[in-house]
Structures are given as C-alpha cells and as structure tokens.
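In: One predicted model, sequence on top.
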Amino acid sequence: MDRYWRVAIASLDGKVINEHFGRAKAFFIVDIARDGTWHLVEKREVAPLCSGGQHTREAMEAHVGALHDCVAVLVSQIGPAARRALEINRIAVFEQPDYIDNALSKLAKYFIKTNFTVPEE
C-alpha cells in the first residue's frame with residue numbers, strides 16, 4: 001500500500017481551486033501522507049483539453065494521461081466526458097471550489113477515515 005495519496009489540483013494561482021478541468025493549463029500535484037499532512041510535489045503543465053467547448057479523444061487521453069500517477073483530482077468544474085475518462089483510469093473526481101488548504105484538509109480526513117482506494121472499474 002502506498003504511503004501517500006497523490007492528488008492533482010486545477011488552480012490558476014496555487015491557492016484556490018478555481019479552474020475547470022478541461023481549461024486547465026497546469027495542475028498542482030500534492031502528496032497527502034497517511035497522517036493527513038501534505039506537500040506540493042510539482043506544478044505540472046498540460047495542454048488545455050477544451051478548445052471552443054470541443055475536445056478530441058486524443059486530447060482527452062493526453063490530458064488524463066498526464067495525471068496517471070494521481071488517485072484523485074480537485075477541480076472547480078468538470079464535464080461528464082472528462083469525469084468518465086478519469087474514472088475509467090481510476091482517478092477519483094472531486095468538484096470542490098475552495099481554498100486549496102481547506103479542500104486538502106477535508107480530503108485528507110476523508111481519505112484517512114475511509115482508508116481511501118479508488119474502486120475497480
């Protein structure tokens with residue numbers, strides 16, 4: 001079992017979860033430890049998925065693939081196709097427009113309480 005949960009956060013400024021999944025140009029990647037503490041691993045640049053409200057299957061695969069090592073994403077909004085693509089890849093989706101610190105605190109408590117694992121497809 002991993003000693004942490006890796007989470008991708010869609011944020012414009014690294015302080016607030018304020019980005020739609022498909023419009024994100026970067027994700028802040030954090031590791032949440034089993035004791036509830038967390039730390040920033042990196043800011044991961046990605047090509048935006050949506051272009052004029054449209055996206056291709058290849059763009060979706062690239063966007064989701066960039067988060068392959070994450071168990072969850074925190075976003076302000078997400079469309080149904082992107083949600084499904086993430087879930088198929090065993091990445092849980094949490095729509096949580098909030099301050100990152102607050103959201104990670106809540107998420108860590110949830111992960112610990114439930115001994116969180118992403119369900120099999």
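Out: That came in fine, so what should we check first? Residues are numbered from 1 along each chain as shown.

In: OK, contacts around the most centrally placed residue in the chain?
Out: In the chain, the centroid-proximal residue (CA atoms, centre = their mean) is Val73; its distance is 1.5 Å. Applying CB atoms under 8 Å, 6 or more residues apart in numbering to Val73 gives the contacts Val7, Ala8, Ile9, Ala10, Phe21, Phe27, Leu67, Leu86, Ile91, Ala92, Val93, Phe94. Bear in mind the C-beta positions are built from the backbone N, C-alpha and C, glycine included.

In: So which of these sit within helices?
Out: Judged by DSSP state H, the contacts of Val73 include Leu86 as members of helices.

In: Out of the contacts of Val73, which is nearest to His55?
Out: Phe21 (10.5 Å; CB to CB).

In: How about the closest one: what's its closest non-neighbour residue?
Out: In space, and not counting its chain neighbours, Phe21 is closest to Ile78: 4.1 Å by CB to CB, 6 or more residues apart in numbering.

In: State the distance from the one you found to Thr56.
Out: 17 Å (CB to CB, to the nearest Å).

In: quick one: contacts for the residue nearest to Phe21?
Out: His20, Phe21, Gly22, Leu86, Val93, Glu95.

In: before we move on, what about Lys15?
Out: Counted by CB under 8 Å, 6+ apart, Lys15 has contacts Tyr99, Ile100.

In: tell me the pLDDT at the nearest residue to Leu104 once chain neighbours are set aside?
Out: Once flanking residues are discounted, Leu104 sits nearest to Trp38: 5.2 Å by CB to CB, 6+ apart. Trp38 is assigned a predicted lDDT (pLDDT) of 96.

In: Thank you kindly, that will do.
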